[in-house]
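> compute the structure for the input listed below.
(chains A and B)
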Amino acid sequence: MILLDRVTKTYNRKGIALERISLHVEPKEFVIIVGASGAGKSTLLKLLTREEKPTSGKIIVGGIDYGRLKDKDIPYLRRKIGVVFQDFKLLPGKTVFENVAFALEIIGLSNKEIRHTVPKVLDLVGLKGKEEAYPGELSGGERQRVAIARAVVRQPKILIADEPTGNLDPKHAWDVIRVLEKINHYGTTVLLTTHNQDIVNKLKRRVVTISDGHVVSDQAGGTYKG
Amino acid sequence: MNRMIISFWRIVKAGGKNFLRNNWLSVAATAVMMVALTIMLSAVVLNVTTRNAIKELSKQIKVTVYLKDDVKAERRDIIISRLKSEPSVADVSFISRQEATRRFKTTQNADDKAFIEQALALTGAETLPESLEISLTDLSQSGAIVKIAKEDGYKDVVDDVSVGKNDVAKETISRATSAQKYIVRGSIFAAVLFAAVSVLIIFNTIRMAIFTRSEEIRIMKLIGATPGYIRGPFLIESCIYGIIAGVLSNTAVYGAILSLGPKIQNQSEFSATYSFFTSNLVMAGMLFGAIVAGMLVGIVSSLLAMNKYLKLKHW
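This is a model prediction of the structure:
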């Protein structure tokens, strides 16, 4: 599903962010990527969403070789990958329903299809009844679940969650993690980056540790000491 | 295909929303563009009006070729054909003795009447001569026409040639022609100046819209919106400026034409112009031209702003 082969990313100012990283993620896997701030986790995810290009190495996601990907095809790649951010990135002027529908509008789905699909996804993330609320009226956990709903509404094969619990208290953080587990259970590959030791250790999933731009450990059912 | 239509409709709606959201900037951008288009349309109207007026004035000034007595119709036709073949000749009409007499009797100008009566008495002639009245499209060619009429080949036909009291009229037309040039040049300069100002204002309006919506644009990029879907609303927004400005400027110019036109359309210099501008085809053409020009200014401005501020090249 995801293959990184000796991938290096170097920035002109910051220097090396990732160095010869190799990683293979199977379909339907739930992989947690851990590491200190600046270790290279976010760079790794940006390479997968094609916000950044690798300096060298090979990246293949869902059979698409990024080295051969043309700029005009990037939007279509991103439609196959759901992304969730630490700061939610919701549109404050749109309701919960409209925020989720936005992801379907840009691919040209009809209003009828959107009205049919969005409530199902909001139900999946536990936000039934909140359709008309604005992001400002929701708790952090609820906002993050709206972001997850937007990321999965197109049923992507891969969901990338970049520190989705970073701004949440433990209760809401676990609410979000339970939703991610549910989505993974339905067959979506999940890549989660987090600092939260408690979550990593209790989930007992594959843990990839990155330090100074290198993969220093890759363990199934792994743990993390932050 | 269906999805493309749905997406296009959503882009149009988003553009309309942007237009309403940036209300004051939209009003400013539309107003300046309206001024530019009004000047442009006025330049067209002034140009056509002065051209037609000059043409009409030129027609009123005629070269008269007096014919000898008892000229045969065949000889007369030869010189008429020769004169008509000149590009500067608009028309040649034959004035018979009867017609000349009728005109003389009905003329309202007492001075002219007295002058002709006196002349007839002096020459001993009983009737007025036959003549050819030549209307010109280009007054500067009157000398050339006189020369043709005085050619040796027509000596048996032509008695005399008169360019009448044309000097004052020539002077008037010459002044009108040079005024027309200045009007057109001035109008083009003003239209270009205001078009440049509207490009700058729309450029800034779109730039502000891009900054205001930068987070939304980033989210759109990340969730898979195509560059066309992101750019589309900005282009639609600037097209709306052009359409509204085009309609308003056309309304303003036609308001002036329709209120002033009836007062001057009875004057021969302006009647053709008024009929021209009030024909359905020209009215539609002027509206279409104003809208297209407005949209072009809008599209160019927003493309400039997007190329500079909407970073879509490096996804």
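> list phi and psi for the residue in chain A that chain B sits nearest to.
Relative to chain B, the nearest point of chain A is residue A:108 (3.1 Å; CB to the nearest CB). Heads up, the C-betas are built off the backbone N, CA and C, glycines and all. The phi and psi values for residue A:108, taken as degrees, to the nearest 10, are phi 80, psi 20.
> contacts for stretch A:74-82, please.
For stretch A:74-82, contacts defined as CB atoms under 8 Å, 6 or more residues apart in numbering or on different chains pick out A:48-50, A:61-62, A:64, A:69, A:107, A:148, A:150-152, A:154, A:156-160, A:188, B:221-227, B:315.
> and the residue of chain A closest to chain B, how many residues sit next to it?
18 (other CB atoms under 10 Å in any protein chain shown).
> try the one 10 residues further on
Counted with other CB under 10 Å, the neighbours of residue A:118 add up to 24.
> in what helix or strand does it lie?
helix A:111-124 (DSSP states H and E).
> also residue A:222?
Using DSSP H and E, residue A:222 falls outside every helix and strand.
> so it touches residue A:197, yeah?
No: Residue A:222 lies out of contact with residue A:197 (CB atoms under 8 Å); the separation is 11.9 Å.
> contact partners for the closest residue to residue A:113 other than its chain neighbours?
Take residue A:113 and drop its neighbours on the chain: the residue closest to it by CB to CB, 6 or more residues apart in numbering or on different chains is residue A:104, 7.1 Å away. For residue A:104, the contact set (CB under 8 Å, 6+ apart) comprises A:113, A:114, A:117, A:118, A:153, A:154.
> buried ones among those?
Among the contacts of residue A:104, those classed as buried by 16 or more other CB atoms under 10 Å in any protein chain shown are A:114, A:117, A:118, A:153, A:154.
> please, where are all the helices along chain A?
A:41-48, A:74-78, A:96-105, A:111-124, A:140-152, A:170-185, A:197-203 (DSSP state H).
> so in terms of bridging, what pairs with the residue nearest the centre of chain A?
In chain A, the residue lying closest to the centroid (CA atoms, centre = their mean) is residue A:160, at 1.7 Å. Beta bridges link residue A:160 to residue A:83, residue A:191, judged by DSSP bridges.
> in the strand or helix carrying residue B:39, what's buried?
Per DSSP H and E, residue B:39 falls inside helix B:23-60. Buried residues in helix B:23-60, defined by neighbour count with 16+ other CB under 10 Å: B:25-26, B:28-47, B:49-59.
> also stretch A:119-134?
Quick answer for stretch A:119-134 (16+ other CB under 10 Å): A:121, A:122, A:124, A:125, A:126, A:127, A:130, A:134.
> do it and chain B meet at all?
No: Stretch A:119-134 does not reach chain B (CB under 8 Å from any CB of the partner chain); its nearest approach is 13.8 Å.
> just the C-alphas of that stretch, formatted as PDB.
Taking C-alpha atoms only, stretch A:119-134 is exported to PDB below (Å, rounded to 0.1, in the frame of the first residue of the first chain):
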ATOM      1  CA  PRO A 119     -25.000  12.000   7.400                       C
ATOM      2  CA  LYS A 120     -23.700   8.400   7.200                       C
ATOM      3  CA  VAL A 121     -20.100   9.600   7.800                       C
ATOM      4  CA  LEU A 122     -21.200  12.000  10.600                       C
ATOM      5  CA  ASP A 123     -22.900   9.100  12.200                       C
ATOM      6  CA  LEU A 124     -19.700   7.000  11.900                       C
ATOM      7  CA  VAL A 125     -17.700   9.600  13.800                       C
ATOM      8  CA  GLY A 126     -20.400  10.200  16.400                       C
ATOM      9  CA  LEU A 127     -21.600  13.600  15.300                       C
ATOM     10  CA  LYS A 128     -25.200  12.800  14.400                       C
ATOM     11  CA  GLY A 129     -27.400  15.800  15.300                       C
ATOM     12  CA  LYS A 130     -24.500  18.300  15.000                       C
ATOM     13  CA  GLU A 131     -24.900  18.900  11.200                       C
ATOM     14  CA  GLU A 132     -26.000  22.500  11.600                       C
ATOM     15  CA  ALA A 133     -23.400  23.500  14.200                       C
ATOM     16  CA  TYR A 134     -20.400  25.700  13.300                       C
END
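> nice, that's everything, thank you.
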